[in-house]
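Visitor: Take this sequence and fold it.
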Amino acid sequence: MSDKAFQFLSKLPPFSFLPEDELKKIAAELSLLHYPKDTILLIQGRSRLEHIYIIQKGAVEAYYKQGDKETQYEILSEGEILGGISVLLHDGIAVRMMKTKEDSDLYVLPKQKFLDVCARHGAFSDFFTDIFGKRMLDKSYAAIITETMQPKDEVPQLFYQPVENICTRDLVFCEPGMPIQEAALMMSRRRCSSILVKESEGDFVGIVTDSDLRRKVIGKGYDIQKPVSDIMSSPVNTVSARVPVFEALMVMMQKNLKHLAVAYADNRVIGMVTVSDLVSAQGQSPFFLIREINKAGEIEEIADIHTEVPRLIQSLIESGVKVINVARLISTISDTILHKLIGFAIDELGPPPVRFVFLILGSEGRREQTLKTDQDNAIIYEDIPHEFADSVKGYFLKLGEKVCTWLDQAGYTFCKGDVMAKNPKWCQPLSVWKTYFSTWVDTVEPEALLQSNIFFDFRGGYGDMDLVDHLRSHLFSSLAGRPNFFRYLTENSLNWKPPLGFFRNFLVESRGEHRDTFDIKSSMMIIVNFARIYALNNGIEETNTQERLNQLFLKKVLSWEDYNELEQSYNYLMQMRLVRQVSAIIRENGKPDNHINPKMLSHIEQTTLKEIFKRIEKFQEQMSGRFIGVAR
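Guide: Take a look at the predicted model:
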């Protein structure tokens, strides 16, 4: 299918803007799915996109809901792309309804691959931001989108912050008489895409961008010793520092600008903002850090970039961003680093001898990574003839050794239990992995499952995802008719207890480094275990805890009340956990930990935590009754 997909994409903007080798890689990752007429693809304000859709055949109706009113906007046909704007500019949440108008075939491209291409090809990402701007010129569209994108019950996010919060204040400028060549060299040295032109009296009179240099100088063979004033754009377009980012983006789209000066009321220019800045600065998107990681040429650069994550997380939390999005951002950054490091390793070792997948386990496998995490990973490779077994395994052990060592250097510490791809036990062909899971499922002792919990939260991090699909299919087929497996998983999960005493006081550690604190991760694991057990029991392949809970609600396994309680409890605990970790790193200059001192919490926070812990106990009893037959 990849050849057919390649031919299709090669004629379709913005894919047609990309180099041929890039396009072939994208085509190889596409899947073609069939959707019957009247299938709802996306729900406005609710659907979280994990893929970009491209209509190969058929038609899709795009419309908006305002209360009970539905407003049709357009009918999309062959070659139209769905979801790009939502992923880049709205945290992957659908900004409009999408429903098939007839039987349709759609290519789907993973969101991570789409973001990766956007990060490395400016013209590709600009295509989507430009479309957004053009649509925003339609006032009716703008009103609907503004309502859809306005965060509910949260501090205003990126689009509603003053533009001065995200503009670049390190202005680069020169005098009108400076030769074009010197101005271009200054831009190159400062690694910026524009330079302001300033008269000796102090006023900015023009701007020269990298686009001006390409079009007016290189394209026309213009004399580079001529003054920069000959090619500058004048006057300088400005926007008030106090306007929301959303309005600044509107100005740029209306005037077809890629650069916009930011000024105070007295017309004093204090900074510069670009379309790329607006997308990169969006806290819910890993866009900027991904771009820097992809540009990195060595492990030291990646390690430096990784140190920026805590402050980014602090900013997101203080801006009121939902914790599920913060955790996803951390996991996305980790995924990107993993991709880069595996690329380094393959460059050194040569191409892999057979198909393989680098497996991610535990919290990262659930996309719930925080700032305190170690490695949990493994390698699966395809089954091969016996005579090649040693050489193939040798290659992948070397790969695992390099990648795990580099991850440790980048800030992802070695797993204390040695569950890593560099361990020969966890670097095995698919048939061995199937045997592992069959053994765990058929075990007759609860203790035998204690160390295997993290393996049931697995996903592919790099490589051939068909191997992951085969293993997951084997797991679910093995679970059929295995009530003891769920009994033992439940018994193990009951070892986790909320830190509440008989009189509803907090139970804290009485000695040691973490005296007078409790471990908030332990309380969260009760919800994680609940979601895992019920998801496995109901054939749900999703590994993320909140997505598992959502699927359980949709399957009517959970009532709305139970789902909402679990969702809100998990969110609150995760937020408190992340705040604690950020505080340990930034304010205490220490290592992140999960220990909360209840005496440092407000009365409201203490009351909320106690209520959550009581509810968690209720769900433990419910799970015990369901899988053991006795409420404990």
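
Visitor: Run a quick neighbour tally on the closest residue to residue 421 other than its chain neighbours.
Guide: Using CB to CB, 6 or more residues apart in numbering and skipping residues adjacent in sequence, the residue nearest residue 421 is residue 400, 3.3 Å away. Just so you know, the C-beta spots here come from the backbone N, C-alpha and C atoms, and that holds for glycine as well. Counted with other CB atoms under 10 Å, the neighbours of residue 400 add up to 22.

Visitor: For residue 400, give me its contacts.
Guide: Neighbouring residues of residue 400 by CB atoms under 8 Å, 6 or more residues apart in numbering: 377, 379, 420-423, 427.

Visitor: how far away is residue 43 from residue 204?
Guide: 46 Å (CB to CB, to the nearest Å).

Visitor: Comparing these two, which residue is more hemmed in?
Guide: Comparing residue 43 with residue 204 by other CB under 10 Å, the one with more neighbours is residue 204, at 20 against 15.

Visitor: Surely that one is in contact with residue 261?
Guide: Yes: contact between residue 204 and residue 261 holds when scored by CB atoms under 8 Å: they sit 7.0 Å apart.

Visitor: Give the residues shared as contacts by those two.
Guide: The contact sets of residue 204 and residue 261 overlap at 196, 236, 269 (CB under 8 Å, 6+ apart).

Visitor: got any ranges where the stretch 251-400 of the chain has weak pLDDT?
Guide: Counting by pLDDT under 70, the stretch 251-400 of the chain shows low-confidence ranges at 253-254, 275-288, 291, 318-321.

Visitor: Which parts of it are helices?
Guide: In the stretch 251-400 of the chain, the segments counted as helices under DSSP state H, counting those that start in this stretch are 275-281, 287-295, 299-306, 309-318, 323-349, 362-365, 389-410.

Visitor: would you turn those helices into CSV with distance to residue 56?
Guide: Output for the helices of the stretch 251-400 of the chain, formatted as CSV (distance: least, CB to CB, whole Å):
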stretch, distance to residue 56
helix 275-281, 27
helix 287-295, 27
helix 299-306, 37
helix 309-318, 37
helix 323-349, 27
helix 362-365, 32
helix 389-410, 36
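
Visitor: just so I know, which of those helices lies nearest residue 461?
Guide: Smallest distance to residue 461 across these (CB to CB): 5.1 Å, for helix 323-349.

Visitor: residues of that closest one that come out buried?
Guide: Buried residues in helix 323-349, defined by neighbour count with 16 or more other CB atoms under 10 Å: 323-342, 344-345.

Visitor: How about stretch 196-207?
Guide: Going by neighbour count (16+ other CB under 10 Å), the buried part of stretch 196-207 is 196-198, 204-207.

Visitor: could you dump stretch 401-416 to CSV, C-alpha only?
Guide: Extracted in CSV, the C-alpha atoms of stretch 401-416 (Å, rounded to 0.1, in the frame of the first residue of the first chain):
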residue,chain,number,x,y,z
GLU,A,401,23.1,-1.4,25.9
LYS,A,402,23.8,1.7,24.0
VAL,A,403,20.3,3.1,24.2
CYS,A,404,19.8,2.4,27.9
THR,A,405,23.2,3.9,28.8
TRP,A,406,22.4,7.0,26.8
LEU,A,407,19.0,7.3,28.3
ASP,A,408,20.7,7.2,31.7
GLN,A,409,23.0,10.0,30.7
ALA,A,410,20.0,12.0,29.4
GLY,A,411,18.3,11.8,32.8
TYR,A,412,16.3,8.6,32.7
THR,A,413,18.0,6.5,35.4
PHE,A,414,18.6,2.8,35.1
CYS,A,415,15.8,0.5,36.4
LYS,A,416,16.7,-0.8,39.8
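
Visitor: where's that stretch relative to the chain centroid, distance-wise?
Guide: Centre-to-centre, stretch 401-416 and its host chain are 21 Å apart (CA atoms, centre = their mean, to the nearest Å).

Visitor: Identify all contacting residues around that stretch.
Guide: Residues outside stretch 401-416 that contact it (CB under 8 Å, 6+ apart): 299, 302-303, 306-307, 334, 337-338, 341-342, 344-345, 348-349, 358, 373-377, 420-422.

Visitor: Please apply the same query to stretch 483-492.
Guide: Identification of contacts with stretch 483-492 by CB under 8 Å, 6+ apart yields 440-446, 448-450, 453, 479, 529, 532-533, 536-537, 623-624, 626-628.

Visitor: For those residues, which PyMOL command selects only the ones that are buried?
Guide: Those of the contacts of stretch 483-492 that count as buried under 16+ other CB under 10 Å are selected in PyMOL with:
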select buried, resi 440+441+443+446+449+453+479+529+532+533+536+537+623+624+626+627
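
Visitor: Hmm, residue 614 is touching residue 499, no?
Guide: No: in this structure, residue 614 is not within contact of residue 499 by CB under 8 Å, at 11.9 Å.

Visitor: So those two - more neighbours on which side?
Guide: Higher neighbour count among residue 614 and residue 499: residue 499, with 20 against 12, using other CB under 10 Å.

Visitor: which residue packs closest to the more buried one, ignoring adjacent ones?
Guide: Once flanking residues are discounted, residue 499 sits nearest to residue 518: 3.9 Å by CB to CB, 6+ apart.

Visitor: List the contacts of the one you found.
Guide: Counted by CB under 8 Å, 6+ apart, residue 518 has contacts 499, 506-509, 595-596, 598.

Visitor: Most neighbours among those, please name it.
Guide: Highest neighbour count within the contacts of residue 518, by other CB under 10 Å: residue 596, with 26 neighbours.
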